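Asks: Predicted structure and sequence below. I'll ask about it afterward.
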Amino acid sequence: MGRAFGLLLGLIFGASGTLADPARVVSMNLCTDQLAMMVAAPGQLVSVSYIARDKRASAMADDAMAYPVNHGLAEEIYLLKPDLVIAGSFSTRATTDMLRRLGVPVVVFEPANSLEDVSARLRQMGEVLGRTDTADALIAEYETRLNRLLPADDNRPRAALYSANGYTSGHMSLAGQIVEAAGLYNIARDYGYDFSGTLPLELLALSDPDLLVGTRPYARASRSEDVLAHPVVHYFAARSRAGQMRDGDWVCGTPHVLRAVEALMSAREDLQVGKNTKEVSQ
């Protein structure tokens, strides 16, 4: 886990010479919220971030209703009297620094950038919470399900990830790996997008993807989403079920990414059925 994690364990190490499992844990990051909810013992997790209840962003919004929420503020988290705070690397640095100065142990989780990272983050959460057996069971179930989701053939329809501002993800990102695990070819490879970037509308049109993987616009209008209203995007969306993907299943490196893989596999099968029907009609 690195030097920082080793130092944290040293802080939690009790005078008795045994490792004390944290009894009051606060998570202040959407992804650690979900990992902690899956791994923590009953009563061990005392608060999650308010975003965990957002049905669009969180795959476990309903589960999060059982927990008090926090807004990532040092004052409110300190008053919860945690013996451990779990944050993400993009969490508010001022909050985590303040909590450390107040003597509260903080563990920072890096985001998952691959399907393999899902197992690694579960394992880390198990170690941090003293729940390695639970984490190991979740990892075994996740990896078994993932291995079963292999496409039935080698045909790989061309897919484009396309969201606000023309944002796309490459094969070295979690979203890109979800696409490829579903048996699709990510067109971002053609343009050198390994991680993420903005895909010009012209390149999207020239690529003529078989499947456009989009997201639903937010309720409040945003200029960043104007590109999603373009006729070219509507054309690809109309023929490939774009905008029907559950956002929360893509955001964090948890076993729920398998639902995203399954949804894309279903879309892939529909494409094949449509192709076969067209060939028969001709």
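Replies: Sure, I can see it.

Asks: Outline the domain layout of the protein.
Replies: If you go by automatic domain parsing, the domain ranges for the chain are 3-131, 158-281.

Asks: Thr92 - how many residues pack around it?
Replies: Thr92 has 16 neighbours, counted by other Cβ atoms under 10 Å. Where C-beta positions appear, they are placed from N, C-alpha and C, glycine not excepted.

Asks: Report whether the expected contact of it with Gly72 is present.
Replies: Yes: the criterion here is Cβ atoms under 8 Å, and Thr92 meets it with Gly72 at 5.1 Å.

Asks: Find residues that contact each of the two.
Replies: Counting by Cβ atoms under 8 Å, 6 or more residues apart in numbering, the residues touching both Thr92 and Gly72 are Met28.

Asks: can you give me the helices for this structure?
Replies: Taking DSSP state H to define them, one finds helices in the chain at 3-12, 30-39, 61-64, 74-79, 93-101, 115-129, 132-148, 174-181, 201-207, 231-240, 248-251, 257-281.

Asks: average pLDDT for the second one?
Replies: In other words, helix 30-39. Here helix 30-39 scores 98 as its mean pLDDT.

Asks: Dump the C-alpha coordinates for it into CSV.
Replies: Included here for helix 30-39 are C-alpha records, laid out as CSV according to Å, rounded to 0.1, in the frame of the first residue of the first chain:
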residue,chain,number,x,y,z
LEU,A,30,-18.3,8.4,-3.7
CYS,A,31,-16.1,5.4,-4.6
THR,A,32,-14.8,4.7,-1.1
ASP,A,33,-18.4,5.1,0.1
GLN,A,34,-19.5,2.1,-2.0
LEU,A,35,-16.5,0.0,-1.3
ALA,A,36,-16.9,0.6,2.5
MET,A,37,-20.7,-0.1,2.4
MET,A,38,-19.9,-3.5,0.8
VAL,A,39,-17.0,-4.4,3.1
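
Asks: Pull the distance from that helix to the chain's centre.
Replies: 11 Å (Cα atoms, centre = their mean, to the nearest Å).

Asks: Return the distance of the residue nearest to the spatial centre of the chain relative to Tyr193.
Replies: The centroid of the chain falls nearest to Cys252 when counting by Cα atoms, centre = their mean (1.4 Å). Distance, Cys252 to Tyr193, using Cβ to Cβ, to the nearest Å: 21 Å.
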